[in-house]
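In: Below is the sequence, then the predicted model.
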Amino acid sequence: MATPELTSLRSTRVTAAHRLAKRSFRGKERRFLVEGPQAVREAVPHLIEVYATAEAAERHADIVAAARAAGAPVLTATPEVMAEISDTVTPQGLVGVCHFLDSPFEEILRARPKLVAVLAHVRDPGNAGTVLRCADAAGADAVVLTDASVDPYNPKAVRASAGSLFHLPVAMGVPVEKAVAGLRAAGVRVVAADGAGTRDLDAELDEGTMSGPTAWVFGNEAWGLPEETRALADEVVRVPIHGRAESLNLATAAAVCLYASARAQRAPGGCRL
């Protein structure tokens, strides 16, 4: 195995990478970290540089080769250095540094989206990343995070997205009022998902109201959507609870809602046909 190029925890490169765990430094540098072979593989077009233990570089030679082919230098490091850079308890020996890749909200609107997930007041990075992954799986055209929501480049959010952060446009820091107004002006029906909704998702599907362009607004994990946000939506819809569970968690409810729209949009008369 090659001799590690980075052995000091005080190295300028190591210090710079370690600081990206903090939102303020990520915002200043417009860079973020991705960890693990799957995430780094998905991130190849956006990589600035890659850090790897000698063992990981050998085990994942295809990823290392792809990164180098894309112009990103690959630096080998000791396990101690990788632990300093990594945000996980058990580092996998491979970390990439990427450019920010969020899209301007106006660019998303110009693309005439048919399915959008809007995260309003979502504070938990794991939930944000999981909803992003659900949106990607359901074929959504974009995800919008309001200015009151978590940073999608938080290491936990990046991991929870499982690579989906690199698959669809993501806008961040958009005031919820601007998000709703812009989507509605683009011909998108805005639906707030809330357990206290006046409408039932099953009824919406039965009546065919989910077949057109739709933006789902999802709220905070603990207290849902505030009244002023619900009032902005065209409709407030609840996911029916047929069993004895008190409620669904945010990511599960988002998956149900997004897939309901995805199916309705691909049915006869839907906007995807």
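Out: Sure, I can see it. Residues are numbered from 1 along each chain as shown.

In: how near is residue 252 to residue 241?
Out: The gap separating residue 252 from residue 241 is 11 Å, by Cβ to Cβ, to the nearest Å. Bear in mind the C-beta positions are built from the backbone N, C-alpha and C, glycine included.

In: quick one: which of these two has more around it?
Out: Between residue 252 and residue 241, residue 252 has the larger neighbour count (other Cβ atoms under 10 Å), namely 15 against 11.

In: for the record, mean pLDDT for the strand or helix carrying the more buried one?
Out: Assigned by DSSP states H and E, residue 252 falls within helix 250-266. What helix 250-266 shows for mean pLDDT is 97.

In: the helices in the stretch 1-150 of the chain, which residues?
Out: 12-19, 23-29, 37-43, 54-59, 61-69, 79-85, 105-110, 125-137 (DSSP state H, counting those that start in this stretch).

In: Residue 229 in helix, strand or coil?
Out: helix (DSSP: H, G, I helix; E, B strand; the rest coil).

In: next one: stretch 69-78 to chain centre, how far?
Out: 25 Å (Cα atoms, centre = their mean, to the nearest Å).

In: so how far is the first residue of it from its last?
Out: Stretch 69-78 has its terminal residues 23 Å apart, counting by Cα to Cα, to the nearest Å.

In: now what about that stretch, what contacts it?
Out: 2-7, 13-14, 44-45, 47-54, 57, 64, 67-68, 85, 96 (Cβ atoms under 8 Å, 6 or more residues apart in numbering).

In: Can I get the helices of the stretch 1-150 of the chain in a markdown table including distance to residue 175, mean neighbour count and mean pLDDT?
Out: A markdown table is the format used below for the helices of the stretch 1-150 of the chain (distance: least, Cβ to Cβ, whole Å; neighbours: other Cβ atoms under 10 Å; pLDDT from 0 to 100):
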| stretch | distance to residue 175 | mean neighbour count | mean pLDDT |
| --- | --- | --- | --- |
| helix 12-19 | 28 | 16 | 94 |
| helix 23-29 | 17 | 13 | 95 |
| helix 37-43 | 29 | 21 | 95 |
| helix 54-59 | 42 | 18 | 94 |
| helix 61-69 | 37 | 15 | 97 |
| helix 79-85 | 34 | 20 | 93 |
| helix 105-110 | 10 | 16 | 98 |
| helix 125-137 | 17 | 23 | 97 |
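
In: Tabulate these in a markdown table, adding columns for distance to residue 210.
Out: Shown next, in a markdown table, are these (distance: least, Cβ to Cβ, whole Å):
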| stretch | distance to residue 210 |
| --- | --- |
| helix 12-19 | 44 |
| helix 23-29 | 35 |
| helix 37-43 | 30 |
| helix 54-59 | 45 |
| helix 61-69 | 40 |
| helix 79-85 | 44 |
| helix 105-110 | 20 |
| helix 125-137 | 16 |
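
In: And the strands in the stretch 51-200 of the chain?
Out: With strands called from DSSP state E, counting those that start in this stretch, the stretch 51-200 of the chain shows them at 74-76, 94-99, 115-119, 142-146, 170-174, 189-193, 199-200.

In: Quick check: residue 172 vs residue 144, distance?
Out: 8 Å.

In: Over to residue 152?
Out: In terms of Cβ to Cβ, residue 152 sits 10 Å off from residue 144.

In: Same drill for those two, tell me which one is more crowded.
Out: Applying other Cβ under 10 Å to residue 152 and residue 144 shows that residue 144 carries more neighbours, namely 30 against 24.

In: Confirm for me that the more buried one is in contact with residue 107.
Out: No: shown here, residue 144 and residue 107 do not form a contact pair, counting by Cβ atoms under 8 Å, at 11.6 Å.
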